[in-house]
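Asks: show me how the following folds:
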Amino acid sequence: MKRLIEQVEGEGLESLLGEQVEIWCCRYIYAGKLTGVNDKDILLANASIVYETGSFDESGYSDSQKLPYPKYIRIDSIESYNKAL
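Replies: Now for the predicted structure:
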């Protein structure tokens, strides 16, 4: 049996703190600056809901709507995430 026993700090969402990110959830895509991470939630500043991405090889979105407030997102609803272009 192979076992990996290693704990690494600062990977995953924590490594993207302060960055512009895309958060792909089970129903919506959110974009914004990742300003907070804990064990249950993340916090996006200058957040938008992305309704249409457009071409994936270009920066920006075909249709995104700016939210007038910071957005808290439950970690258990996140399917994937990445640094935005």
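Asks: what is the burial count for Arg3?
Replies: 5 (other CB atoms under 10 Å). All C-beta spots, glycine's among them, are computed from the backbone N, C-alpha and C.
Asks: so what's the residue most central in space within the chain closest to, chain neighbours aside?
Replies: The chain has Ile23 as the residue nearest its centroid, 3.0 Å off, counting by CA atoms, centre = their mean. Excluding the flanking residues, the one nearest Ile23 by CB to CB, 6 or more residues apart in numbering is Tyr30, at 4.4 Å.
Asks: next one: Gly60
Replies: Using CB to CB, 6+ apart, the nearest residue to Gly60 is Gly54, at 7.0 Å.
Asks: that neighbour and Ser48, how far apart?
Replies: Look at Gly54 and Ser48: by CB to CB, to the nearest Å, they are 13 Å apart.
Asks: the longest strand along the chain - what's its average pLDDT?
Replies: Longest strand of the chain, by residue count under DSSP state E: strand 41-52. The predicted model assigns strand 41-52 a mean pLDDT of 96.
Asks: which positions within it qualify as buried?
Replies: For strand 41-52, burial by neighbour count (16 or more other CB atoms under 10 Å) applies to 42-44, 47-50.
Asks: which parts of the protein are strands?
Replies: Ranges of strands within the chain are 20-25, 29-37, 41-52, 63-66, 71-74, 78-83, based on DSSP E.
Asks: quickly run through the sheet partners of the fourth one, with directions.
Replies: Counting by DSSP bridges, the strands paired with strand 63-66 are strand 41-52 (antiparallel).
Asks: common neighbours of Gly54 and Ser48, please.
Replies: Tyr61 (CB atoms under 8 Å, 6 or more residues apart in numbering).
Asks: rewinding a little: wait, the residue nearest to Ile23 touches Asn46, no?
Replies: No: the pair Tyr30 and Asn46 fails to qualify as a contact (CB atoms under 8 Å) at a distance of 11.0 Å.
Asks: separation between Tyr72 and Lys66?
Replies: Applying CB to CB to Tyr72 and Lys66 gives a distance of 16 Å.
Asks: I'm done for today, thanks for sticking with me.
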